[in-house]
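**Q** build me a structure from this.
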Amino acid sequence: HQYMMEFLEVGGVLTLLEILGQDKLKDGDKTEALRLLQIIANAGQKYKELICESYGTYTA
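**A** Down below sits the predicted model:
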């Protein structure tokens, strides 16, 4: 989980959420961002909370 923690510490979740909100990006890029968010969420409750604290309830 070390790499994931480093990714999160530098704003990785916000970056992934930003990718999901972009209209000009390809669906494949958005799919990959969503897949990474799922991996993070599946790592445990504290990671799910971190996503929510980063406005992970984002809707486009």
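**Q** what about the residue nearest to Ile39 when sequence neighbours are not counted, neighbour count?
**A** Computed as C-beta to C-beta, 6 or more residues apart in numbering, the closest residue to Ile39 that is not its neighbour in sequence is Met4, at 7.9 Å. Quick note: C-beta positions are derived from backbone N, CA and C, even for glycine. When neighbours are defined as other C-beta atoms under 10 Å, Met4 has 14 of them.
**Q** in which helix or strand does Met4 reside?
**A** Element membership for Met4, per DSSP states H and E: helix 2-9.
**Q** okay, angle between the helix or strand that that helix is followed by and helix 2-9 too, please.
**A** Once the chain leaves helix 2-9, the next helix or strand it forms, by DSSP H and E, is helix 12-20. Inter-element angle recorded for helix 12-20 and helix 2-9: 70 degrees (by axes from the mean of the first three to the mean of the last three C-alpha atoms, to 10 degrees).
**Q** list the contacts of helix 12-20.
**A** With C-beta atoms under 8 Å, 6 or more residues apart in numbering as the test, helix 12-20 has contacts from 25, 29-30, 33-34, 36-37, 40, 50-51, 54-56, 58, 60.
**Q** and stretch 45-58, what's buried?
**A** Neighbour counts using 16 or more other C-beta atoms under 10 Å place Tyr47, Leu50, Ile51, Ser54, Gly56 of stretch 45-58 among the buried residues.
**Q** restricting to C-alpha, output that stretch in PDB.
**A** Extracted C-alpha coordinates of stretch 45-58, given in PDB (Å, rounded to 0.1, in the frame of the first residue of the first chain):
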ATOM      1  CA  GLN A  45     -12.800   1.900   4.800                       C
ATOM      2  CA  LYS A  46     -10.200   4.700   5.400                       C
ATOM      3  CA  TYR A  47      -9.500   4.800   1.600                       C
ATOM      4  CA  LYS A  48     -13.300   5.100   0.900                       C
ATOM      5  CA  GLU A  49     -13.500   7.900   3.400                       C
ATOM      6  CA  LEU A  50     -10.500   9.600   1.700                       C
ATOM      7  CA  ILE A  51     -12.300   9.500  -1.600                       C
ATOM      8  CA  CYS A  52     -15.500  11.000  -0.100                       C
ATOM      9  CA  GLU A  53     -13.500  13.700   1.600                       C
ATOM     10  CA  SER A  54     -12.000  14.500  -1.800                       C
ATOM     11  CA  TYR A  55     -15.600  15.100  -3.100                       C
ATOM     12  CA  GLY A  56     -15.800  11.600  -4.400                       C
ATOM     13  CA  THR A  57     -19.500  11.900  -4.500                       C
ATOM     14  CA  TYR A  58     -18.800  14.100  -7.600                       C
END
